[in-house]
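**Q** quick one: sequence and predicted model below, then my questions.
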Amino acid sequence: ALCDFVSLSCRYQDFHAFDLSGATRVLEWIGDKGVCVAGYESRKKNEILHLILPLRLSVKENQGLFPERDFKVCHGGFSDTPVFDLKHVPDTRLLVTSGLPGCNLHVWQVTEDSDVIRAVSSIAMQEAEEGLWPRVAIFSSTAPGVLHGARLRSLKVVDLESQKTTYSSGIGDNEELSSLQVLDADTFAFCCASGRLGLVDIRQKWAPSENVSPGPGSAGGRWCAEVACRRGGPGPSIASLGSDGQLCLLDPRDLCHPVSAVRCSVSAPSPDPELLRVTWAPGLDNCLAVSGFDGTVQVYDATSWDRTGGQVEPLFTHRGHIFLEDGQRDTVPLLTTHTWHPHKPRTLLSAASDASLHVWDWVERHAAC
Amino acid sequence: IPPSRPGAGQDVGRSCILVSIGGKNVMLDCGMHMGFNDDRRFPDFSYITRNGRLTDFLDCVIISHFHLDHCGALPYFSEMVGYDGPIYMTHPTQAICPILLEDYRKIAVDKKGEANFFTSQMIKDCMKKVVAVHLHQTVQVDDELEIKAYYAGHVLGAAMFQIKVGSESVVYTGDYNMTPDRHLGAAWIDKCRPNLLITESTYATTIRDSKRCRERDFLKKVHEAVERGGKVLIPVFALGRAQELCILLETFWERMNLKAPIYFSTGLTEKANHYYKLFITWTNQKIRKTFVQRNMFEFKHIKAFDRAFADNPGPMVVFATPGMLHAGQSLQIFRKWAGNEKNMVIMPGYCVQGTVGHKILSGQRKLEMEGRQVLEVKMQVEYMSFSAHADAKGIMQLVGQAEPENVLLVHGEAKKMEFLKQKIEQEFRVNCYMPANGETVTLPTSPSIPVGISLGLLKREMAQGLLPDAKKPRLLHGTLIMKDSNFRLVSSEQALKELGLAEHQLRFTCRVHLHDPRKEQETALRVYSHLKSVLKDHCVQHLPDGSVTVESILIQAAAHSEDPGTKVLLVSWTYQDEELGSYLTSLLKKGLPQAAS
């Protein structure tokens, strides 16, 4: 078994595998050396942890002289409710979390003189519905604002300090939200569960540039989306992923006509579409990662994709979560989230429902093994 | 129990803990700080006892395992500061400690020219005071203090110790590991419920990378070096980790069908075989099996090394001693191979300052050797940590196993353990302490004192008829006799007999005045009827002489000497019936119901 693992993992340069005390659905970067994870169990206390990556992953030279391969728990705190989303407020020591029940967002402080993350305040949701939880994104500025909402009509921006509402969508549309992303000081992107996408300028009354809902070729299913963070550059910068495996790439200037539409290489629809995640690689052109269908993370190269909706093969599939799991369980773990390292181009972090957390990168296929 | 702490408080470096329990004083570990070159490397013993000898103050010293940060100051402590009492450790620790101490002494004195250091003879004298113990063997240090060793994993011979005085106990973990590796099992302890668990928390704030990934990294590095035609040197200390790495390489070589030779230096094989035969019970199942089936160094791909092989062309892997590249064969090989960038040296552990190992791990590329020769290090230097420590998850597991009343964290970093403290306190509902160096922690305990109850007393209680209820305490009257550290609960009669005392009878009498013009016999009858109807649970009787009894309480009616309309009831009871007697009195004072005429 060891050698199978070793030969399989010839495809990796770095590979670290960890067991958290509780599974996480969030992986939020704090700077480029630390990530936050948080538990999502409903019947017990959950931990929120601020972890520092093993030093050897951050050094540029002499990696061999750094024997430490472990995550350091830099700070930790306890949440009585499950955490489904966690965002760091940039340039502060604050975190905002959201989960079920969806009646509050919680604000936390990562303390400076000790290793405790403590609850600071809550932001009450005016309309809370059973079973729904608000998505969260942060407008960072001198007065940070928390963008949140479970449905289009309840989209708001609340000033973090005063808790005053500084923006409201002001519309009656009931569509359920699945992704929210702040793009710059004045704009945010939303994606509804139906696949409806929009870019909103908060300086104006609600008039987003949108696509036609639902997404092309979808008959139901649930969608999520992610906008690439790179400035300008050619090619599409919005990726929209459906629970049946459809993946559309769009240019923000024309949301109605996708640049490409393909089908991911998955054998079945996602068993839990809320866990769907599609991300753009910050350091590689046209490179995306997809997870939430099974126990794998798939990395795709989108150069030369067309609009035919045909199946595409991944550049690389991370199977570590299936491979390394205990073998004692009946169920195969499901990927809960993944994220790219901010500046190591091929390094990713991935987490699964069995509380495993991996840090890995992959080697180009031709490398000898 | 106040454990005070000469070392091991919130800085990684040296372990030395003092525990006072039930009037006994025990020192746990006696380590040296690897980072200092002067006296700061040793714990400060002067503050343990300002006046008086250590031998009188301490009942024993316990050493958990052979790592220098746990035993490095032992010869200094016993021979230079002065301690002649017993030093307890496991058999493997007893065998391996002196080797490491001597190695360390050589480096300090011969390499660094230190003056105030213990000598070889001191190491020998110190080891003469050692009493070796087996796992799970209860050792009586004296008639009140007993200790017991538990398997700790971590390194060969490492143990966790339970220290018990009467009903109070402390468990000290030393360094331990909760996940088994290839040559050692995982730490284990029973549900011994100590008053205090002192656990190392060096890695408490880490989440450890999986063993498979570490091993993969090691194999990948070796493979890459060998594939490019390089030579790989792995300096090892004689035992333990070396076997594990050998097994790994052997398996990998077999699977990948690799041809490059792997060697193990002869000095290692002799010693290792010898020690393993002695301590086979300390390793895990897999090693034991290999040992039984074959001599453990008859690996298919691993052969005995000859110094001439170092000059052979082509790739190879060599395991050689000593582990810190400070002398001997490993240093010789290193000097030959250092100049070629295709070669690699993998350091599997911490190296003490002053050694070549330490220098190259600090990034030094030019080394000054004897005779002013400069050695340029072009070979690849890899530092790999194979040490097995418990991380946050492991600590929680151990606390869950032992179920202590209190937890004390040592060996960790100051501000970085508040979260773990909260985690432990919440999950197990215990108090968690994190003292700093030199700080004393005092823990109140409520010891339970076992008392023997005499059979006679027990029988009498049982005869009362009420069934015992585990959840309800029952009130029992008896006499506690404390004699010769013996506690007995006996009936009062037996106590009186044993003490040769006569029993006094105590009787109370009370007069209750009743307005009743009738004759006293009729009053008595009225009293009888009344009490009979009210006290249904008790035995109420009307005696022929006119008196009424309730159980053993006697009530007699008499005429008032001056007022014929008043009757005087004499209520009389013994001390034992105090409660009923008082009750009856107050009942009668309320008066009798009107009789039907």
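**A** Alright, I've got the coordinates. Residues are numbered from 1 along each chain as shown, chains lettered A, B, ... in the order given.
**Q** now do the same contact list for the residue most central in space within chain B.
**A** Centroid-nearest residue in chain B: residue B:171, 1.4 Å away (criterion: C-alpha atoms, centre = their mean). Listed by C-beta atoms under 8 Å, 6 or more residues apart in numbering or on different chains, the contact set of residue B:171 reads B:150, B:160-163, B:189, B:192, B:194, B:196-198, B:402, B:404. From N, CA and C alone the C-beta is placed, and that goes for glycine too.
**Q** what do you get if the cut-off is 6 Å, keeping everything else the same?
**A** B:162, B:194, B:197, B:402 (C-beta atoms under 6 Å, 6 or more residues apart in numbering or on different chains).
**Q** again with residue B:385
**A** Residue B:385 neighbours (C-beta under 6 Å, 6+ apart): residue A:67.
**Q** list the beta-bridge partners for the residue nearest to the centre of chain B.
**A** Beta-bridge partners recorded for residue B:171 (DSSP bridges): residue B:162, residue B:197.
**Q** now, the most widely separated pair of the contacts of residue B:171?
**A** Across those, the longest distance by C-beta to C-beta is 9.7 Å; it joins B:162 and B:197.
**Q** re the thing from before, nearest to residue B:125, of the contacts of residue B:171?
**A** residue B:162 (28.7 Å).
**Q** burial count for the closest one?
**A** When neighbours are counted by other C-beta atoms under 10 Å in any protein chain shown, residue B:162 registers 22.
**Q** ok, the one 5 residues further on next?
**A** Applying the criterion other C-beta under 10 Å, we find 13 residues in the vicinity of residue B:167.
**Q** swap in residue B:522?
**A** 15.
**Q** quick one: secondary structure of it?
**A** On the three-state scheme (DSSP: H, G, I helix; E, B strand; the rest coil), residue B:522 is labelled helix.
**Q** and it, what does it touch?
**A** With C-beta under 6 Å, 6+ apart, residue B:522 has no contacts at all.
**Q** stretch B:207-221 near chain A anywhere?
**A** Yes - counting by C-beta under 6 Å from any C-beta of the partner chain, chain A is contacted by stretch B:207-221 at B:207-210, B:212-213, B:216, B:219.
**Q** rewinding a little: compare the contacts of residue B:171 and tell me which is most surrounded.
**A** The most crowded member of those, judged by other C-beta under 10 Å, is residue B:197 (31 neighbours).
**Q** from chain A, how far out is that one?
**A** Using C-beta to the nearest C-beta, to the nearest Å, we find residue B:197 at a distance of 19 Å from chain A.
**Q** you'd agree that residue is up against residue B:407?
**A** Yes - here residue B:197 lies in contact with residue B:407, judged by C-beta atoms under 6 Å, at a distance of 5.1 Å.
**Q** which neighbours do these two share?
**A** In contact with both residue B:197 and residue B:407: no residue, using C-beta under 6 Å, 6+ apart.
**Q** quick check: closest non-adjacent residue to residue B:215.
**A** Of all residues not flanking residue B:215 in the chain, residue B:248 sits nearest, at 5.8 Å (C-beta to C-beta, 6 or more residues apart in numbering or on different chains).
**Q** surely that neighbour is in a helix?
**A** Yes - judged by three-state DSSP, residue B:248 forms part of a helix.
**Q** for chain A, give me the ranges with low pLDDT.
**A** For chain A, the stretches flagged by pLDDT under 70 are A:1-9, A:212-220, A:231-234, A:324-330, A:365-369.
**Q** tell me where it has helices.
**A** For chain A, applying DSSP state H gives helices covering A:2-8, A:320-323.
**Q** rewinding a little: tabulate the residues of stretch B:207-221 next to chain A (JSON lines), appending neighbour count, pLDDT and secondary structure.
**A** As requested, the residues of stretch B:207-221 next to chain A are exported to JSON lines (neighbours: other C-beta atoms under 10 Å in any protein chain shown; pLDDT from 0 to 100; DSSP: H, G, I helix; E, B strand; the rest coil):
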{"residue": "B:207", "neighbour count": "20", "pLDDT": "90", "secondary structure": "strand"}
{"residue": "B:208", "neighbour count": "25", "pLDDT": "88", "secondary structure": "coil"}
{"residue": "B:209", "neighbour count": "22", "pLDDT": "89", "secondary structure": "coil"}
{"residue": "B:210", "neighbour count": "19", "pLDDT": "87", "secondary structure": "coil"}
{"residue": "B:212", "neighbour count": "18", "pLDDT": "84", "secondary structure": "helix"}
{"residue": "B:213", "neighbour count": "24", "pLDDT": "88", "secondary structure": "helix"}
{"residue": "B:216", "neighbour count": "23", "pLDDT": "89", "secondary structure": "helix"}
{"residue": "B:219", "neighbour count": "23", "pLDDT": "92", "secondary structure": "helix"}
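**Q** what's the closest of these to residue A:54?
**A** Using C-beta to C-beta, those come closest to residue A:54 at residue B:209, 7.2 Å.
**Q** and the gap between the nearest residue to that closest one once chain neighbours are set aside and residue B:206?
**A** Leaving out its chain neighbours, the residue that sits closest to residue B:209 by C-beta to C-beta, 6+ apart is residue A:69, at 3.9 Å. Distance, residue A:69 to residue B:206, by C-beta to C-beta, to the nearest Å: 10 Å.
**Q** up against chain A, what does chain B have?
**A** B:205-210, B:212-213, B:216, B:219, B:255, B:381-385, B:393, B:415-416, B:418-419.
**Q** quick one: secondary structure of the closest residue to chain A within the stretch 451-597 of chain B?
**A** Residue nearest to chain A within the stretch 451-597 of chain B (C-beta to the nearest C-beta): residue B:471, separated by 28.5 Å. Three-state call for residue B:471 (three-state DSSP): coil.
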